[in-house]
Every structure is written in structure tokens, then in C-alpha cells.
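# 3D, please:
(one chain, ligands or ions: 1)
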Amino acid sequence: MAAICASRAGARVTLCEQNEKLGKKIYITGKGRCNLTNTAEWEAFFGEVVSNPKFLYSAFAGMDNFAVMELVEGLGCPLKEERGGRVFPVSDHASDVIAALRRGLEQAGVEVRLHTAVKKIVTGEADAAGLRHVTGVRLSTGEFLQADAVILCTGGLSYPTTGSTGDGLRFARELGHTITPLRPSLVAFRCKEPWCADLMGLSLKNVSLKMIDGDLSCSASHELSYGKKQILYQGFGELLFTHFGVSGPLILSASAYYGRRKTENIAIILDFKPALTPEQLDKRLLREFEEHHAKQVKNILPALLPAKMVPVFERHMPLYRDKTCAEVTREERTHLRNLLKNFHLIVTGTGGYEEAVITQGGISVKEVDPKTMQPRLLPGLYFAGELLDLDALTGGYNLQIAWSTGALAGRSAAK
Ligand SMILES: Cc1cc2nc3c(=O)[nH]c(=O)nc-3n(C[C@H](O)[C@H](O)[C@H](O)COP(=O)(O)OP(=O)(O)OC[C@H]3O[C@@H](n4cnc5c(N)ncnc54)[C@H](O)[C@@H]3O)c2cc1C
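Numbers count the residues shown, from 1 in each chain. Below is the predicted model of the structure:
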């Protein structure tokens with residue numbers, strides 16, 4: 001996007017890509033379908049951006065979601081909108097988005113150099129104001145490529161096999177930029193509870209989740225207490241158990257808020273019956289217990305939970321699981337109700353960069369002009385995309401960040 005926009009604005013552009021082909025990461029986005037943007041309106045859009053949304057205003061104004069759609073469709077890739085405003089190519093093939101961008105590069109006359117890794121950003125002597133101007137890049141072959149402007153858009157650290165190995169972050173650091181703490185985001189959680197492995201593959205569709213920072217106290221009736229300030233994230237959606245913990249769309253969203261404050265003692269609280277208030281659930285349990293008064297409590301669990309979860313719940317109710325429904329006390333019924341509405345797991349960490357959709361953190365946006373994408377320290381250099389300290393939730397927002405900042409960097413560099 002940066003190369004297309006710079007070239008359309010009149011610059012002579014060379015694109016250096018270390019891989020053997022373009023858009024390796026785009027190819028795997030949206031499970032191979034490329035959710036390239038979202039039709040959300042301005043306010044809703046920025047509500048999905050987790051880090052530094054305000055920094056994006058100018059970039060988004062210059063190339064917003066609808067402008068990206070027009071550009072990609074204009075390059076021969078028809079698009080469609082799906083649930084939640086997510087935009088995909090009609091063909092459901094991410095390769096068609098790459099092909100459209102490749103056509104854009106050809107039409108704009110961009111010289112594309114594949115197998116071409118940049119090893120260093122080269123700067124000249126400091127000028128009278130003490131500023132060093134960028135003069136070009138040094139390639140891994142040793143060749144020096146002279147340039148009046150260089151746009152660095154080498155991505156974050158996620159899925160390094162696609163080529164996003166963090167080179168740009170290293171270059172920026174060497175040039176004196178601040179890199180805010182980096183961590184994998186939109187990624188699965190590792191949990192302390194070993195039984196998660198027994199549930200591997202189990203997907204729960206309508207779960208409500210709270211992520212809590214700090215200590216949780218749990219009463220004998222499994223009532224949890226924590227302060228409002230301890231809530232790092234709350235959401236509703238689909239959750240998937242994995243060998244090491246939990247994943248799925250709900251967890252990926254929660255992970256964007258993990259580690260932003262503190263990484264010790266993080267718990268997630270799951271509500272398996274979010275449509276029912278505690279009182280309504282209590283009534284439902286009472287009805288169930290009355291109807292099946294001679295049955296053991298553990299034998300009514302399948303009516304309340306997916307079969308795979310039953311043994312896990314049984315382990316949490318050792319004092320009354322074998323009792324008949326008629327024998328269960330009111331306190332025990334409350335305990336079961338609280339288990340269903342406040343089931344908690346301890347998060348011990350997240351998956352690594354090799355499985356994280358994006359990298360949180362990056363070049364500090366405080367050192368970059370949001371109107372040009374130019375760092376304040378280095379004239380001639382521009383940044384775009386995931387290497388900046390910008391990130392969003394899933395839904396096409398992260399690619400839109402790359403398109404918007406890329407377009408602005410391209411146009412500014414050409415100027
Ligand atoms: C599995 C997965 C699914 C995703 N799905 C979606 C989705 O559906 N929607 C969405 O909005 N976002 C999605 N994302 C996130 C999105 O892909 C990224 O945020 C986006 O690609 C970032 O773009 P970028 O141009 O900044 O960096 P990248 O796409 O990482 O591109 C950086 C490029 O720079 C090249 N490079 C790196 N170093 C050098 C060097 N030294 N010399 C030359 N070239 C170099 C790399 O080879 C790479 O091609 C997904 C990410 C993953 C991993």
C-alpha cells in the first residue's frame with residue numbers, strides 16, 4: 001500500500017521484500033480468506049483499536065476502510081461484507097487480495113525486488129540542526145540502494161516464518177527510537193488447570209468472560225470477590241479449550257488486554273449461563289432438582305453443561321455430587337449455581353509469537369508525526385504498519401491499520 005501510494009503520488013519506488021514472494025502474511029490472514037478491513041463507522045472502528053487509536057486519525061482520514069475497499073475492488077478483487085462488518089474477497093481467497101495489490105504495484109510502475117533483505121538504514125552526517133538525513137538502505141548483498149526517503153514497514157514479530165522477524169524494530173532501536181514493551185497479542189492463554197487438556201477441542205459458543213487482575217477471594221459457596229478496578233476485560237462469545245488452556249475469539253480479544261498492567265495473578269471467570277440472572281438460574285436448578293429428586297446431582301449435570309465438562313464440574317463439587325437431588329442443601333445448590341456463573345481459571349501466560357496474530361507494542365508513536373508517519377528524529381524515514389505501537393482486536397482492523405498508515409507514509413515520502 002505504501003509503495004502503490006508513493007508511486008501514484010509521483011515518486012520512483014523500489015520495494016524490497018526479503019521473501020521469495022509478496023504478501024506471505026496476507027496469504028494466511030482470515031484463515032486464508034483475508035479479512036482485509038471492516039465496514040465499522042469511525043467511532044466503532046476506533047473502539048476496536050487497543051493501542052493509541054488517536055494516533056491513527058490522520059492516517060485513517062486519508063485512507064479509510066471504504067477507500068481501501070474501493071482501491072482493492074478497482075484493482076480487480078470484488079469484496080463482500082460478512083457478520084460484524086468483516087470484509088473479505090468474494091472468492092474467499094486471500095491470494096486474490098495479494099494479486100490485486102500486485103497489479104496495483106505493476107500499474108504504478110513500482111520496481112519489486114524479491115529475495116532482497118534490508119540490513120541497515122543508512123543516514124548521512126548530521127546537519128546544522130543536528131539531524132541526520134536518511135540516504136538509503138544497505139542490502140544483505142552489501143549493495144547500497146540510494147533513496148531520498150525510506151519507508152520501513154517490516155511488521156512485528158508474529159508468525160516469523162512469514163518474514164516478520166522484527167528487523168524494522170531493530171533498525172529503529174539502532175537509530176535511537178524507543179520501542180515500547182513487545183508481547184504477543186490475539187493469542188491463546190496458557191492456564192494452570194491441567195484438566196483443560198481433557199477438554200481439548202471443546203468449543204463453547206455463548207460464554208461470558210471477565211479477566212481479572214490481582215487476587216480473587218472465593219467463599220465456601222464459590223462466591224468470588226474482586227474490585228471493579230481489577231476487571232481488565234469483559235466480553236461475550238466463543239471459547240475453545242486447548243491442550244494448554246483456552247483459545248477462541250473471546251480469548252484472543254481478552255489477550256489484547258493481558259499484560260498491559262500486570263502479568264501476575266490473572267484469572268478468567270467464565271459464566272456458562274450468561275442469559276440467566278443468578279436468581280433465574282437458581283429457579284432453574286430448583287426445578288431440575290425437584291423433577292429429578294431421586295437422581296444423583298452429578299447425573300443432572302448433562303442437562304446443564306456439554307458432556308465433556310461434566311467430569312470437571314464433578315471434581316469441583318466433591319461434597320454433594322453423589323447426593324440425590326432431594327438431599328442437596330440450599331448452600332450446595334448455591335455453590336453449583338456459582339460454579340456455573342463464576343467458573344474461574346488461572347492464566348499462567350500466553351502462547352508465543354509463533355502463534356500470535358499480532359505483536360503488541362512497537363515503535364513509540366510519541367516519536368512519530370501522525371500527519372506524515374515521519375519520525376521526529378530522522379528526516380527521510382517513514383514508518384507504517386505493525387512495527388508501530390498500534391494494534392487492534394480481530395475483525396479486519398489490524399490490516400486497516402497497515403493500509404492507512406502505509407498510504408500516509410507513501411504519500412508523505414513521495415512529497
Ligand atoms: C495468522 C494471522 C491471521 C491474521 N488475520 C488477519 C485478518 O484476517 N485481518 C486483519 O486485519 N489482520 C490479520 N492479521 C494481522 C495482519 O496480518 C498484520 O497486522 C499485517 O499483516 C501487518 O502488516 P505489515 O505490513 O505491517 O507487516 P507484515 O504483513 O508482517 O509484512 C512485513 C513484510 O516485511 C518483510 N520484511 C521484514 N524484514 C525485512 C527486511 N529486513 N528486508 C526486507 N523485507 C523485510 C517481511 O518479509 C514481510 O513480507 C493476521 C495475522 C496473522 C499472523
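
# contact partners for the closest residue to the ligand within the stretch 251-400 of the chain?
Nearest residue of the stretch 251-400 of the chain to the ligand, counting by C-beta to the nearest ligand atom: G385, 2.2 Å away. Glycine gets a C-beta too; all of them are placed from N, C-alpha and C. Residues in contact with G385 (C-beta atoms under 8 Å, 6 or more residues apart in numbering) are C153, T154, G155, I401, A402, T405, G406.

# surely the last one touches G155?
Just to be clear, that refers to G406. No: G406 is beyond contact range of G155, at 11.4 Å (criterion: C-beta atoms under 8 Å).

# pull up the pairing partners for the host helix or strand of K210, direction included.
Per DSSP states H and E: K210 is located in strand 203-213. As defined by DSSP bridges, the strand partners of strand 203-213 come to strand 231-241 (antiparallel), strand 266-271 (antiparallel).

# how far off centre is the first one?
Put plainly, it is strand 231-241. In terms of C-alpha atoms, centre = their mean, to the nearest Å, the centre of strand 231-241 is set 14 Å apart from its chain centre.

# how far away is R102 from the ligand?
13 Å (C-beta to the nearest ligand atom, to the nearest Å).

# and the closest residue to that residue other than its chain neighbours, what element?
Using C-beta to C-beta, 6 or more residues apart in numbering and skipping the chain neighbours, the partner closest in space to R102 is L22 (6.1 Å). In this assignment (DSSP H and E), L22 forms part of neither any helix nor any strand.

# which ones are touching V72?
Neighbours of V72 in contact, by C-beta under 8 Å, 6+ apart: L36, L79, P89, V97, A100, L101.

# go again with 10 Å.
1, 34, 36-37, 78-79, 87, 89, 96-97, 100-101, 104, 403 (C-beta atoms under 10 Å, 6 or more residues apart in numbering).

# tell me the pLDDT of T263.
Looking at T263, its pLDDT reads 63.

# next, count neighbours for R330.
Per other C-beta atoms under 10 Å, the neighbour tally for R330 reads 10.

# that one reaches Y320, doesn't it?
No: counting by C-beta atoms under 10 Å, no contact exists between R330 and Y320, whose distance comes to 11.4 Å.

# quick revisit: among the contacts of V72, which two are most distant?
Pairwise distances across the contacts of V72 peak at 18.7 Å for M1 and P78 (criterion: C-beta to C-beta).

# elements contacting the lowest-mean-pLDDT helix or strand in the chain?
Every helix and strand of the chain was ranked by mean pLDDT, DSSP states H and E. The lowest is strand 217-218, at a mean of 84. Packed against strand 217-218, as judged by 3 or more C-beta pairs under 10 Å, 6 or more residues apart in numbering; DSSP states H and E, are the following elements: strand 224-225.

# who touches the strand it packs on?
With C-beta under 10 Å, 6+ apart as the criterion, strand 224-225 contacts 210, 212, 215-219, 267, 269, 338, 341-344.

# redo the strands paired with strand 203-213 as JSON lines? Include distance to the ligand.
Output for the strands paired with strand 203-213, formatted as JSON lines (distance: least, C-beta to the nearest ligand atom, whole Å):
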{"stretch": "strand 231-241", "distance to the ligand": "15"}
{"stretch": "strand 266-271", "distance to the ligand": "23"}
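
# where does pLDDT dip in this structure?
Along the chain, the model assigns pLDDT under 70 to residues 261-263.

# quick check: residues of it near the ligand?
Residues of the chain lying close to the ligand by C-beta under 6 Å from any ligand atom are 16-19, 24-25, 28-30, 34-35, 117-118, 153-155, 158-159, 163-165, 167, 357-358, 385-386, 396-399, 402.

# of those, grab the buried ones for ChimeraX.
Buried subset of the residues of the chain next to the ligand, written as a ChimeraX selection, criterion 16 or more other C-beta atoms under 10 Å:
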select :16,17,18,24,25,29,30,34,35,117,118,153,154,155,158,159,163,164,165,167,357,358,385,386,396,397,398,399,402
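
# circling back to that earlier point, pull up the overlap in contacts between G406 and G155.
With C-beta under 10 Å, 6+ apart, G406 and G155 have common neighbours A384, G385.

# quick check: closest non-adjacent residue to A172.
Nearest one to A172, counting by C-beta to C-beta, 6+ apart, is I363 at 4.9 Å.
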